[in-house]
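Asks: here are the coordinates; sequence isn't available:
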């Protein structure tokens, strides 16, 4: 990222520092009194013209619209927009809040910075070591911090879907925050949703293709990425598959690209890719707010980032359209049941016998709450209280789906957003499912529409065409084939059977997180160093066991994600203590 120009403009009230995005189309617009810029990849809906850079056009539109709200009605994408003059700062966040914007206050209560990066703001505000213990507890257990808090005291995120205006009177800032959009839940079920999603997907593909000539699509052997592929013009598209070793998943991806008729290339990852990512590259790029997972780092490392106007992914499909965050009790309610099981449910209810409970695993997004018991009692209670309060706020907007939406609205707070945020920093990236047409549709879905991806799966099957004849790498079956008899073992090499239930069906598609944390030499040397670090003094009061002992060796009962987050936080705190 070092080659991207950094713009610095001085005003009486302070200065603006803005680094250009990866796409040259978004060069900031500057005149004698103002600067207009953006973070992310915003686009005008239905925009067919590419004769102007975006920020110049944005400036014209900003001045021409009677309100910022009407300006936002014409935009889509993952973004934060900025317009600065001598008298005012104006910021607009996208509908779902995928690109975070924070305000930073000193310990004395003075506003000293507004920006998109918590680590930079913490330095400016003198809050670099002023960690919020509740937030660190949330990161360890839930992999995310409750909105609007951050890892530091005094640094909070602005509302999603909002216009923020900061004016100055005698040098003092006055902040006005106006929310222009919320994902309000509809009161009644909608009809015709499958056909509507098909139409919206096609419109989305056409809209994105109009803003780019060369499009890369990250293509796995799964189903969401081929849905993205299916709505784009094949003459503009090149499919990209992340590869450590060729395997069953890469074979399936090649079959999908061949069936669609587009070019297909590999973005190769080195043998030490994930070790480097988790120990250095990821934390350096994402800071302490997120777990260091950036799958797309192999794009620039393979020299592919400059070959496309945009690289699209299928991320957020499971989040916005399916039941990825549906609570266990709700899934059980919708899960089809045979006669015997249904009778058992009725009898238990009549006899007042508790229904059997099958707790989700601690490694899943649904089961992470079970790790709260490993926090110290005081932090545990405050974490639960903070999250319960936010849930009630979301429930006011979405009574039936609040337990899902609280986990991804704003999307900046989604627990596995790291790879999306990392990609958007590294290269011109967008996920098709963050488009306005899809977001507006997602707000209509009630639990019965989201269960098992019912609506999405039907719509995608219509879109696939020939792509529906290629098996899913996750199951070994063709899309839409739910018959157990269709699940047959597939071969990876001459004598190697693959368990069709395993993610990607191969043991070496990604990496073994547990083995890496237990046995990687670099990981072990870091453990020995961090045991003696004063970072242990900050983390020790947060957890209900000795922090140095936890650092010494991988803890089986905590699972790989908790262990990794603890390790990452220790490294981040230690690094800041030595700067």
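Replies: Structure received. Just so you know, these numbers come straight off a predicted model, no measurement behind them. Numbering: from 1, shown residues only.

Asks: CA atoms for contacts and neighbours, from now on please.
Replies: Fine.

Asks: okay, now the unreliable bits of the stretch 451-579 of the chain?
Replies: 482-511 (pLDDT under 70).

Asks: what ranges do the strands span in it?
Replies: 490-491, 497-498 (DSSP state E, counting those that start in this stretch).

Asks: residues in contact with the most centrally placed residue in the chain?
Replies: Taking C-alpha atoms, centre = their mean, the centroid of the chain lies closest to residue 417, which sits 2.0 Å from it. Residue 417 makes contact with 290, 411, according to C-alpha atoms under 8 Å, 6 or more residues apart in numbering.

Asks: quick check, residue 411 in contact with residue 97.
Replies: Yes. Residue 411 lies in contact with residue 97 (C-alpha atoms under 8 Å); the separation is 5.6 Å.

Asks: what do those two both touch?
Replies: Here residue 411 and residue 97 share no contacting residue, scored by C-alpha under 8 Å, 6+ apart.

Asks: and the helices in the stretch 201-350 of the chain?
Replies: 224-230, 248-260, 273-276, 282-286, 298-301, 317-321, 328-334, 339-350 (DSSP state H, counting those that start in this stretch).

Asks: please name every helix or strand in contact with the longest one.
Replies: The helices and strands touching helix 248-260, judged by 3 or more C-alpha pairs under 8 Å, 6 or more residues apart in numbering; DSSP states H and E, are helix 224-230, strand 237-243, strand 263-268.

Asks: could you report the pLDDT at the residue of the chain most remote from its centre?
Replies: Here the centre of the chain is the reference, and by C-alpha atoms, centre = their mean the most remote residue is residue 351, at 44.7 Å. We note a pLDDT of 85 for residue 351 in this prediction.

Asks: try residue 49
Replies: So residue 49 comes in at 55 (pLDDT).

Asks: picking up where we left off before, ok, the residue farthest from the centre of the chain to residue 248 distance?
Replies: Separation of residue 351 from residue 248 (C-alpha to C-alpha, to the nearest Å): 50 Å.

Asks: for the protein, which spans come out with low pLDDT?
Replies: 47-52, 482-511.

Asks: what's the longest helix in it?
Replies: Criterion DSSP state H: the longest helix present in the chain is helix 377-397.

Asks: what's the first helix or strand after it?
Replies: Using DSSP states H and E, the helix or strand that follows helix 377-397 towards the C-terminus is helix 402-405.

Asks: other residues contacting that next one?
Replies: Contacts of helix 402-405 with the rest of the structure, by C-alpha under 8 Å, 6+ apart, involve 325, 326, 327, 391, 394, 395, 398.

Asks: highest average neighbour count across the helices of the stretch 201-350 of the chain?
Replies: helix 224-230 (a mean of 25; mean count of other C-alpha atoms under 10 Å).

Asks: ok, residue 204 touching residue 435?
Replies: Yes. Proximity of residue 204 to residue 435 meets the contact threshold set by C-alpha under 8 Å, at 6.8 Å.

Asks: can you list the buried residues in the longest helix of the chain?
Replies: Going by neighbour count (16 or more other C-alpha atoms under 10 Å), the buried part of helix 377-397 is 379, 380, 382, 383, 386, 387, 390, 391, 394, 395, 397.

Asks: nearest to residue 555, of those residues?
Replies: The closest of these to residue 555 turns out to be residue 380 (C-alpha to C-alpha; 19.3 Å).

Asks: can you show me the helices along the stretch 351-500 of the chain?
Replies: Using DSSP H, counting those that start in this stretch, helices in the stretch 351-500 of the chain cover 377-397, 402-405, 418-426, 436-442, 447-450, 454-464.

Asks: residue 378 and residue 300: what is the separation?
Replies: Residue 378 is 44 Å from residue 300, where distance means C-alpha to C-alpha.

Asks: cool, and residue 372?
Replies: Per C-alpha to C-alpha, residue 372 is found 37 Å from residue 300.

Asks: same check on residue 215?
Replies: With distances taken as C-alpha to C-alpha, residue 215 is found 15 Å from residue 300.

Asks: what's the answer for residue 84, then?
Replies: Distance from residue 84 to residue 300, by C-alpha to C-alpha: 32 Å.
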